[in-house]
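Student: Fold the stuff below for me.
(2 chains)
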Amino acid sequence: MKTAWEKIFTAHDAPLSAEEDQKAFRELAEASDRVEKLQSSPQHRRIRDLIARKIRELPEK
Amino acid sequence: MSFPNTPVTLLARLEERENGVPNQQAWESFFDLYHGAIRMTVKGAFLECGWHTTPEDVLEDTISDVVVSFYKGGQSFDPEKGKFRNYLRQLARWRVRDQLAKSLATAEKVLKQGISLPDDDHPSALTSNTASPDEVLNGRDIQEYRDTLLATLLEDVRQRVGPQTFAIFELCKLQGQTPDEVAAFFKVKRNAVDNAVYRVTRKLKELAAQPEYRKEYFE
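Tutor: Residues are numbered from 1 along each chain as shown, chains lettered A, B, ... in the order given. The predicted structure is shown next:
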């Protein structure tokens, strides 16, 4: 049986039950929260600085 | 000009230059969304080399190398040839191999931390890449990719609707506030809230059904 997101990714007009709809948006909120949490971590900031430095040091094309 | 944030267009923007100057916002947006997925992929690539624990500074250096590789654009992703996550996995393997080859100090550091390496795990052994890009990802990888894809989808929608419309949707559908509460907060009619939620939900589902999203979601 397909999950709510599998249904959505397969066909946008697929009907979802109220429970599936609730579950799909809860998963979306949780995924977004996890991504945002990582974005605000010190690791994320350190890597962004590293990338910026490495890009600055690249020879110009 | 606003750009859609589909996985493919995010990547294409990394290679953009304006008067020879790279688009800094492009790689920042890409990294903000893909950090988790890249992190798990790089960890997986180290694991394939027998590194069950990778020091955080080595991991961060390698992750940054992966993003810079995208940025340099020398190994462009072709969506016709496969899924982005398989491409990313292959790229991560190359950067892990570079990481190990460039400095024996890195390997020594791992050994000092008491992590055992398999007998054949040394930089030169890593130059022969035997693992298939289509190898099945473990559960954490898949979760990270799905999180990234859903967050990308949400960002994509955010750019396509007005800020208040998106905020109404976010409060109702993602933060669990009732439509009446949201209507009162924005001082709009209940009907306006329902319309905003409907429009954003419909747009979200339309985007999700696009092949480039659909292909990445499924195994």
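Student: So the helix or strand containing A:Arg46, near chain B or not?
Tutor: Applying DSSP states H and E as the criterion places A:Arg46 in helix A:42-56. Yes - if you take CB under 8 Å from any CB of the partner chain as the test, helix A:42-56 does meet chain B, through A:43-44, A:46-48, A:50-52, A:54-55. Placement of C-beta: from N, CA and C, glycine included.
Student: how about the strands of chain B, start to end?
Tutor: In chain B, the segments counted as strands under DSSP state E are B:17-18, B:21-22.
Student: quick one: the residue nearest to the spatial centre of chain B and B:Asp141, what's the gap?
Tutor: Geometric centre of chain B, nearest residue: B:Tyr34, 2.1 Å, by CA atoms, centre = their mean. Counting by CB to CB, to the nearest Å, the gap from B:Tyr34 to B:Asp141 is 13 Å.
Student: Same check on A:Ala29?
Tutor: From A:Ala29 to B:Asp141 the distance is 22 Å (CB to CB).
Student: The two: which has the busier surroundings?
Tutor: Counting neighbours by other CB atoms under 10 Å in any protein chain shown for A:Ala29 and for B:Asp141 shows that B:Asp141 has the greater number, 20 against 17.
Student: Give me the nearest residue to the more buried one, chain neighbours excluded.
Tutor: Leaving out its chain neighbours, the residue that sits closest to B:Asp141 by CB to CB, 6 or more residues apart in numbering or on different chains is B:Met40, at 4.9 Å.
Student: tell me the contacts of that neighbour?
Tutor: B:140-141, B:144 (CB atoms under 8 Å, 6 or more residues apart in numbering or on different chains).
Student: How far does the longest helix along chain A sit from its chain's centre?
Tutor: Longest helix in chain A, counting residues (DSSP state H): helix A:18-39. In terms of CA atoms, centre = their mean, to the nearest Å, the gap separating the centre of helix A:18-39 from the centre of its chain is 9 Å.
Student: Lovely, talk soon.
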